[in-house]
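Q: Sequence first, predicted coordinates after that:
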Amino acid sequence: MAKKASFVALFLLALLILSPWAARAQEQGPIYIVQPGDTLYSIAQRFGVEVAELVRVNGLQDPSLLQPGDRLIIPGFQGVSGILQTHELGFGETLAVAARRFGVGEGDLSRLNRVLNPEQLYVGQALIVATPEEGGELAGFRPHLVLPGRGPLAMAARLGQNPWSLAAKSGRPAGWVLPGDFIWLPSQEGFNPFPPPLEGVVIIPPRGVQGRTVEVQVRSGADVSVEGQLGDWVLVFHPHGQGRWVALQGIHAMQPPGFLELAVQITLPSGQILRFAQPMRVAEGGYPFDPVLYVPEETVDPANTAPEDAQIARIVSRQSEVRHWEGPFQFPAEYTESFPSRFGSRRNYNNMGYTAYHTGLDFYGGVGSPIYAPAAGKVVLAGELKVRGKVTFIDHGWGVYSGMLHQSEILVAEGQMVEAGQLIGYVGRTGRVTGPHLHWEVWVGGIPVDPLEWTERSFPAP
């Protein structure tokens, strides 16, 4: 009888050990919450694991019954715990910074995201990270710059910490902490990848689009000097209130989709220079191809277009310090329900090929229809040109300009200040046109951008 009882006990123990639920209880790893549209195969592909391993580890009796909201252990990441979620990389967040932020090893983070080259992580990239279970909080960290003449001993004294403990918190031996290095310390204010006195560098939007505007904001608790570059375009930063600097830059409507290097260089009051650089993704604008347009030959002759384009480029490349506009721009014409031609459409003049694009927004209106200033500014060009016809260009400040083309009459003069909504001219059919209309351009950082975005939101962002 005792032998029989022992056999039964051993049999039950074996069932417990071999059961999938027991196997799952022994497995460790991050948890993925199944989303609508997920399949076991797509999840396996996403994390680079075998479907069979997902089935085994999670004790799935019927993988076809997978439902949104189910929790799956992802095998192969035993050193990683928590819930797998998507995190959008901010500017200044490298793989090493993101790993520290979420308490994950760089190797594990690379494998989770199948990163082949950490240097190619771009602003706004969706990164898979592990966050604490519901109710838990991520520890805040922030780098502190070791300044020349203020080594680890001086920094430890300033922060009231032991120098060896200070170095250990940053994951470095005390003797290897040198001026120019960053020491990462816990922060009660959450995670910040920028050292004091910097408060943040924000890119709006984080992903660029052909023919749209990029805004770069730098915030600091002390007076700093800021420079920057986006691809080949130099970013010019303007003070905007206390502790904030803003640069606005248009992306060319025919910029090849892909990546542009975004770099921001900040000179601290101490003279120390900090440089942050990261790729920025540029997406297609989705612009259509217009039918062939037949216009007077002299308006597409390079002998006329080249010098005129150069003249306009010289005007709109200047960056005045004063910002004259406030809030979204107004439409400069009365008919705004529809537009005969929008910004960015690819243009083929006189069957010469699609080598150009529409640099503005066209408005309906007969000869003599009123034209209004879309925002406050200073008139910097008022006259007649061969290609653009009678034009008015307004400098709104900070490298932002409006151009009103093909007018029949101009009511303002160069050097004159105008207010938003002020009558400045009348619609016409001068220059390269097929009929009377108003062509409105907005230039930012020397590049034409879609005027509609300037009517839809305020620049700079709050």
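A: That came in fine, so what should we check first? Residues are numbered from 1 along each chain as shown.

Q: So the residue nearest the centre of the chain versus residue 389, what's the distance?
A: Against the mean C-alpha coordinate of the chain, by CA atoms, centre = their mean, the closest residue is residue 206 at 1.3 Å. Counting by CB to CB, to the nearest Å, the gap from residue 206 to residue 389 is 39 Å. Quick note: C-beta positions are derived from backbone N, CA and C, even for glycine.

Q: Hmm, residue 126 and the residue nearest to the centre of the chain touching each other?
A: No - in this structure, residue 206 is not within contact of residue 126 by CB atoms under 8 Å, at 10.5 Å.

Q: neighbours around residue 329, how many?
A: By other CB atoms under 10 Å, the residues close to residue 329 number 24.

Q: In contact with it, which residues are there?
A: Residue 329 makes contacts with 374-375, 402, 420, 442, 451, 454-455, as judged by CB atoms under 8 Å, 6 or more residues apart in numbering.

Q: Can you add secondary structure, distance to residue 409 and neighbour count and give these back as CSV?
A: Below are these laid out as CSV (DSSP: H, G, I helix; E, B strand; the rest coil; distance: CB to CB, whole Å; neighbours: other CB atoms under 10 Å):
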residue, secondary structure, distance to residue 409, neighbour count
374, coil, 18, 26
375, coil, 21, 25
402, strand, 18, 26
420, coil, 20, 19
442, strand, 22, 28
451, helix, 22, 24
454, helix, 25, 24
455, helix, 25, 17
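
Q: quick one: low-confidence ranges for the stretch 151-300 of the chain?
A: Judged by pLDDT under 70, the stretch 151-300 of the chain has its weakly predicted residues at 151-180.

Q: how about the helices of the stretch 301-450 of the chain, start to end?
A: Secondary structure of the stretch 301-450 of the chain (DSSP state H, counting those that start in this stretch): helices at 302-316.

Q: Which residue ranges make up the domains of this structure?
A: What automatic domain parsing lists as the domains of the chain is 19-73, 83-131, 141-186, 204-283, 297-456.

Q: Report the distance from the second one to the chain centre.
A: Mean C-alpha position of domain 83-131 versus that of the full chain (CA atoms, centre = their mean, to the nearest Å) differs by 16 Å.

Q: And for stretch 279-286?
A: In terms of CA atoms, centre = their mean, the centre of stretch 279-286 is found 10 Å from the chain centre.

Q: Now that stretch: buried residues?
A: 279-282, 285 (16 or more other CB atoms under 10 Å).

Q: tell me which of these is nearest to residue 256?
A: Of all the buried residues of stretch 279-286, residue 282 has the smallest distance to residue 256: 7.8 Å, by CB to CB.

Q: these two touch, right, the closest one and residue 251?
A: Yes - counting by CB under 8 Å, residue 282 does reach residue 251; the two are 6.1 Å apart.

Q: what's the overlap in contacts for those two?
A: Shared contacts of residue 282 and residue 251, counting by CB under 8 Å, 6+ apart, come down to 208-210, 260.

Q: now, which of the residues you listed lie within strands?
A: With DSSP state E as the criterion, strands contain 208-209, 260 from among the shared contacts of residue 282 and residue 251.

Q: Compare those and tell me which is most surrounded.
A: Greatest neighbour count in these, by other CB under 10 Å, goes to residue 208: 26 neighbours.

Q: quick one on the thing from earlier: would you turn the buried residues of stretch 279-286 into JSON lines with secondary structure and distance to residue 41?
A: Below are the buried residues of stretch 279-286 laid out as JSON lines (DSSP: H, G, I helix; E, B strand; the rest coil; distance: CB to CB, whole Å):
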{"residue": "279", "secondary structure": "strand", "distance to residue 41": "31"}
{"residue": "280", "secondary structure": "strand", "distance to residue 41": "33"}
{"residue": "281", "secondary structure": "strand", "distance to residue 41": "28"}
{"residue": "282", "secondary structure": "strand", "distance to residue 41": "32"}
{"residue": "285", "secondary structure": "coil", "distance to residue 41": "34"}
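
Q: which residues touch the residue nearest to residue 125 when sequence neighbours are not counted?
A: Using CB to CB, 6 or more residues apart in numbering and skipping the chain neighbours, the partner closest in space to residue 125 is residue 89 (4.8 Å). By CB under 8 Å, 6+ apart, the residues touching residue 89 are 98, 121-127, 206.

Q: re earlier: ok, of the shared contacts of residue 282 and residue 251, which one's closest to residue 355?
A: Closest to residue 355 out of the shared contacts of residue 282 and residue 251 is residue 210 (15.9 Å), distances taken as CB to CB.

Q: Against residue 250, how distant is that closest one?
A: 10 Å.

Q: Just confirm residue 115 contacts residue 128, I think it does.
A: No - using CB under 8 Å, residue 115 makes no contact with residue 128, being 10.1 Å away.

Q: okay, how far is it across stretch 61-79, tip to tip?
A: Start-to-end span of stretch 61-79 (CA to CA, to the nearest Å) is 27 Å.

Q: Quick one, grab the pLDDT at residue 8.
A: Looking at residue 8, its pLDDT is 43.

Q: Also the one 3 residues further on?
A: Predicted confidence (pLDDT) for residue 11: 42.

Q: returning to that earlier point: and the contacts of residue 329, which is closest to residue 346?
A: Checking the contacts of residue 329 one by one against residue 346 (CB to CB), the nearest turns out to be residue 451, at 17.7 Å.

Q: any idea of the pLDDT on the closest one?
A: pLDDT at residue 451 comes out at 98.

Q: That one: what's it in contact with?
A: Residue 451 neighbours (CB under 8 Å, 6+ apart): 329, 343, 360-361, 374, 402, 440-442.

Q: possible to save those as CSV with distance to residue 320?
A: Formatted as CSV, these follow (distance: CB to CB, whole Å):
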residue, distance to residue 320
329, 17
343, 24
360, 21
361, 24
374, 17
402, 14
440, 20
441, 18
442, 16
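
Q: Take those and write them to CSV, including pLDDT and distance to residue 201.
A: CSV is the format used below for those (pLDDT from 0 to 100; distance: CB to CB, whole Å):
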residue, pLDDT, distance to residue 201
329, 98, 26
343, 98, 29
360, 98, 31
361, 98, 31
374, 98, 30
402, 98, 29
440, 98, 32
441, 98, 30
442, 98, 25
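
Q: hang on, the earlier thing: the residue nearest to the centre of the chain - nearest residue in space that isn't next to it in sequence?
A: In this structure, residue 206 finds its nearest non-sequential neighbour in residue 124, 3.1 Å apart by CB to CB, 6+ apart.

Q: Verify the stated contact: that neighbour with residue 208.
A: No - using CB under 8 Å as the test, residue 124 is too far from residue 208 to be in contact (9.2 Å).

Q: Give the residues shared as contacts by those two.
A: Contact criterion CB under 8 Å, 6+ apart; residues shared by residue 124 and residue 208: 280-281.

Q: so residue 230 bridges to which residues?
A: Beta-bridge partners of residue 230, counted by DSSP bridges, are residue 233, residue 262.

Q: Same question for residue 202.
A: residue 217.

Q: got the contact list for it?
A: Neighbour list for residue 202: 90-91, 216-217, 219 [criterion: CB under 8 Å, 6+ apart].

Q: Using a markdown table, please lay out those together with neighbour count and distance to residue 145.
A: Shown next, in a markdown table, are the contacts of residue 202 (neighbours: other CB atoms under 10 Å; distance: CB to CB, whole Å):
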| residue | neighbour count | distance to residue 145 |
| --- | --- | --- |
| 90 | 21 | 19 |
| 91 | 23 | 18 |
| 216 | 23 | 21 |
| 217 | 18 | 21 |
| 219 | 19 | 17 |
